[in-house]
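Colleague: Structure of the sequence below:
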Amino acid sequence: MNDPDVAAAPARLHPFDQALSLRPLGEGRWQGRTHPAYWNMAGPFGGITGALMLRAVLDHPERRGRPLALTVNFCGALAEGAFEIVVRLVRGGRSTQHWSVEMLDDRGVATTASVVTAAERQTWTHAPGVMPRVPSAEQVAAADMTGRPAWTRAFEMRFVEGLPAWRGRLETPADGRTVVWVRDAPERPLDYPALASLSDSFFVKVIQVRGDLPPVATVSLTTYFLADEAEMVAQGTQPVLGVSDVRAFRHGFNDQIGELWSAGGQLLATTTQVVWWKD
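Modeller: All right, here's what the predicted structure looks like:
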């Protein structure tokens, strides 16, 4: 697979926008390149992969409406270097469009995704969920991610609770709840690809609950986008409040659920994923 022109994305761009640079190849195909700022232990950070697949749909000339749902299935680690994204409109109606997306490297399909876009309509609104009462971001120190995978330093994280201890296997499992103020670093106005990326910014729960770092990987990640365009603009570069937890570890897998709240207390997105780990 030939390296794309976007490999040399302008340095003036935010690292996130550099990572999301895609070159159109025609007929629903794009080419990009992995970015070192979003590298994880054995491949790209899952959040940047989801953001890229969403970006390709948003750039499609037939796309209508804003993102409503994104499901990303990680089939295998993406090789460092060039990749292609293939987007296909499966079906569209007056309210929604359903998209199928694949990411490929020289070895074949590395990731699949489905995206639903939807038209915004003025309807009855009710939001029983309430943002947790926590100290403001300014009252919480930013975590030092020196020595951690590169992607962790692509975010400013201020943990109210749930920062992993990183001290090895615990005798008694720790609480799996995380409450963290988080935003891109350097700061960047929030948009839907960034929200997709933030939805995977929680540390996998086996690290937090067990204390050690076994071989681990997200298998499938779903994000539901509840924020409209106006709420995204209002959020700007402010940190969002991320809240996540786990319900069960079983047979080498666990769930992980999360919420992302605006600085003004609006629920921007909910997310859930299933994670594989090995003893």
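Colleague: So which residues of the protein form helices?
Modeller: 15-19, 46-58, 192-198, 205-210, 229-235 (DSSP state H).
Colleague: can you redo these as TSV with mean pLDDT?
Modeller: As requested, the helices of the chain are exported to TSV (pLDDT from 0 to 100):
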stretch	mean pLDDT
helix 15-19	98
helix 46-58	99
helix 192-198	99
helix 205-210	96
helix 229-235	96
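Colleague: In TSV, list those helices along with mean neighbour count.
Modeller: C-betas here are computed from N, CA, C, even on glycine. Output for the helices of the chain, formatted as TSV (neighbours: other Cβ atoms under 10 Å):
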stretch	mean neighbour count
helix 15-19	21
helix 46-58	27
helix 192-198	25
helix 205-210	22
helix 229-235	15
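Colleague: Would you tell me which of the ones you listed gets closest to Arg167?
Modeller: Smallest distance to Arg167 across the helices of the chain (Cβ to Cβ): 10.9 Å, for helix 205-210.
Colleague: Mind putting the helices of the chain into a markdown table with distance to Glu102?
Modeller: Below are the helices of the chain laid out as a markdown table (distance: least, Cβ to Cβ, whole Å):
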| stretch | distance to Glu102 |
| --- | --- |
| helix 15-19 | 19 |
| helix 46-58 | 9 |
| helix 192-198 | 17 |
| helix 205-210 | 28 |
| helix 229-235 | 27 |
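Colleague: and of these, who's closest to Asp255?
Modeller: Closest approach to Asp255 among the helices of the chain (Cβ to Cβ): helix 205-210, 8.5 Å.
Colleague: Verify the stated contact: Ala110 with Met103.
Modeller: Yes - contact criterion Cβ atoms under 8 Å: Ala110 and Met103 qualify, at 5.3 Å.
Colleague: quick one, which of the helices of the chain is nearest to Gln122?
Modeller: Comparing the helices of the chain by their distance to Gln122 (Cβ to Cβ), the top pick is helix 229-235, with 12.0 Å.
Colleague: Would you mark the buried spots in stretch 91-111?
Modeller: 97, 99-105, 110-111 (16 or more other Cβ atoms under 10 Å).
Colleague: cool, stretch 139-151 as well?
Modeller: 140, 143, 145, 150-151.
Colleague: Looking at those residues, spot the one nearest Leu54.
Modeller: Ranked by distance to Leu54 (Cβ to Cβ), the buried residues of stretch 139-151 are led by Trp151 at 17.0 Å.
Colleague: For the closest residue to the closest one other than its chain neighbours, give me its contacts.
Modeller: Excluding the flanking residues, the one nearest Trp151 by Cβ to Cβ, 6 or more residues apart in numbering is Phe45, at 3.5 Å. Each residue near Phe45 by Cβ atoms under 8 Å, 6 or more residues apart in numbering is listed here: 38-39, 149, 151, 154, 197, 200.
Colleague: so what sits against both of Ala110 and Met103?
Modeller: By Cβ under 8 Å, 6+ apart, the residues touching both Ala110 and Met103 are 78, 83.
Colleague: Give the bridge partners for Ala118, please.
Modeller: Partner residues in beta bridges with Ala118, using DSSP bridges, are Arg66, Thr96.
Colleague: make that Thr111, sorry
Modeller: Phe74, Met103.
Colleague: how close does it get to Gln266?
Modeller: Applying Cβ to Cβ, to the nearest Å, the value for Thr111 to Gln266 is 30 Å.
Colleague: Any regions of the protein where pLDDT drops low?
Modeller: 1-11 (pLDDT under 70).
Colleague: Render the CA-only coordinates of stretch 244-255 in PDB, please.
Modeller: As requested, C-alpha coordinates have been extracted for stretch 244-255 and formatted as PDB (Å, rounded to 0.1, in the frame of the first residue of the first chain):
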ATOM      1  CA  SER A 244     -17.200   5.300  33.200                       C
ATOM      2  CA  ASP A 245     -17.600   1.900  35.100                       C
ATOM      3  CA  VAL A 246     -17.600  -1.800  34.600                       C
ATOM      4  CA  ARG A 247     -20.200  -4.400  35.500                       C
ATOM      5  CA  ALA A 248     -18.500  -7.800  35.000                       C
ATOM      6  CA  PHE A 249     -15.200  -9.500  34.200                       C
ATOM      7  CA  ARG A 250     -15.900 -13.000  32.900                       C
ATOM      8  CA  HIS A 251     -14.200 -15.500  30.600                       C
ATOM      9  CA  GLY A 252     -11.500 -13.200  29.500                       C
ATOM     10  CA  PHE A 253     -13.800 -10.300  28.600                       C
ATOM     11  CA  ASN A 254     -15.400  -7.400  30.400                       C
ATOM     12  CA  ASP A 255     -17.900  -4.600  29.600                       C
END
